[in-house]
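[1] sharing a sequence plus its predicted fold:
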Amino acid sequence: MFKGCFVTGTDTGIGKTLGSCVLLTALARHHAKVVGMKPIASGLIPHEGGWASEDALALRAASTLKVPPELDNPISLPDPLSPHLAAARAGRRIELSFLVERYQTLAAQADVVVVEGAGGWYVPLNEQHMMSDLAAALGLPVVLVVGLRLGCLNHAALSAEAIQARGLTLAGWVANRMDPDMACQEENLAWLKTHMTGRGVPLLADIPWQAQPDPARATVTLPTDWT
Ligand SMILES: Nc1ncnc2c1ncn2[C@@H]1O[C@H](COP(=O)(O)OP(=O)(O)OP(=O)(O)O)[C@@H](O)[C@H]1O
Ligand SMILES: C[C@H](N)[C@H](N)CCCCCC(=O)O
Ligand SMILES: [Mg+2]
């Protein structure tokens, strides 16, 4: 039964948060209680007299189920660094078991949870684990957000291969037109479509470049078993 997905991306800063919000917005048309989760945020902004993850705030705004930060953003680290470094600087160690427990508590209250990673698939969490290990531990199908810019073809192919080699389901990919000046954007998109189709991976969303990103403004085709 569909319970949600794990959103990874070709890199940091390529639109995973926007892609996750697009999925949440589309899923909310079919499910009553949809919620985003940012298990590990590194880099915080001032918010309501304290500090918060900009990603967690965006996911929260796109969620129909509202929960406390301990559930939708259990680890928030001040420094905008790789999670293993941000955690070390904060005197913490990122434990997968803690994140799995928080995810399960959240999932028990929700119809659908969209979990956003941080950075790309092989971002380190501690000396032993990477983001891929968290996705595997959560047991969710994976969605790959491809930020359309020069270099993304290689990053997309590498990421897709790594996800599938791990034995996880790559349920779909998202094309995010993050660079309005990208040369040959349609030709790059065509290559990605052919490559991903060859891997059996459908395009779930096509997100236009937007000066003010709005998660309702995207062309979305959810898998039939997600609706
Ligand atoms: N389609 C788009 N149009 C305009 N701006 C975009 C688009 N996609 C992403 N951006 C902008 O690019 C920046 C990076 O995007 P985003 O924060 O979603 O990246 P991310 O992959 O979630 O990064 P992280 O690894 O930090 O979670 C943001 O300022 C976002 O608003
Ligand atoms: C700080 C940033 N926005 C993300 N939260 C973390 C990105 C980690 C990238 C690590 C790497 O691949 O080198
Ligand atoms: Mg993000």
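    Done, it's in. Ligands and ions are numbered 1, 2, ... in the order given.
[2] stretch 138-150: which residues count as buried?
    Across stretch 138-150, burial judged by 16 or more other Cβ atoms under 10 Å covers 138, 140, 141, 142, 143, 144, 145, 146, 147, 148, 149. From N, CA and C alone the C-beta is placed, and that goes for glycine too.
[3] isn't the fifth one up against residue 16?
    Put plainly, it is residue 143. No: using Cβ atoms under 8 Å, residue 143 makes no contact with residue 16, being 9.1 Å away.
[4] so which of the buried residues of stretch 138-150 belong to helices?
    residue 138 (DSSP state H).
[5] out of the buried residues of stretch 138-150, which are inside strands?
    With DSSP state E as the criterion, strands contain 142, 143, 144, 145, 146, 147 from among the buried residues of stretch 138-150.
[6] let me have these in JSON lines, adding pLDDT and distance to ligand 2 as columns.
    JSON lines is the format used below for these (pLDDT from 0 to 100; distance: Cβ to the nearest ligand atom, whole Å):
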{"residue": "142", "pLDDT": "99", "distance to ligand 2": "17"}
{"residue": "143", "pLDDT": "99", "distance to ligand 2": "18"}
{"residue": "144", "pLDDT": "99", "distance to ligand 2": "15"}
{"residue": "145", "pLDDT": "99", "distance to ligand 2": "14"}
{"residue": "146", "pLDDT": "99", "distance to ligand 2": "16"}
{"residue": "147", "pLDDT": "98", "distance to ligand 2": "13"}
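[7] between the residues you listed, which is closest to residue 35?
    Closest to residue 35 out of those is residue 143 (15.8 Å), distances taken as Cβ to Cβ.
[8] re earlier: overlap in contacts of residue 143 and residue 16?
    7, 8 (Cβ atoms under 8 Å, 6 or more residues apart in numbering).
[9] ranges for the strands of this structure?
    Per DSSP E, the chain carries strands over the ranges 4-9, 34-37, 40-42, 45-47, 50-52, 75-77, 112-116, 142-147, 170-176, 203-207, 219-220.
[10] which neighbouring elements make contact with the third one?
    If you count contacts as 3 or more Cβ pairs under 8 Å, 6 or more residues apart in numbering; DSSP states H and E, strand 40-42 packs onto strand 75-77, helix 83-89.
[11] buried deepest among those, which one?
    Most buried of the helices and strands packed on strand 40-42, by mean neighbour count (mean count of other Cβ atoms under 10 Å): strand 75-77, with a mean of 22.
[12] do that one and ligand 3 meet at all?
    No: using Cβ under 5 Å from the ion, strand 75-77 stays clear of ligand 3, coming no nearer than 12.6 Å.
[13] going forward, count from 58.
    Right, with 58 as the first residue, what we last looked at is strand 132-134.
[14] can you check what pLDDT the model gives the residue lying farthest from the centre of the chain?
    In the chain, the greatest distance from the average C-alpha position (Cα atoms, centre = their mean) is reached by residue 106, at 27.2 Å. Confidence at residue 106, expressed as pLDDT, is 97.
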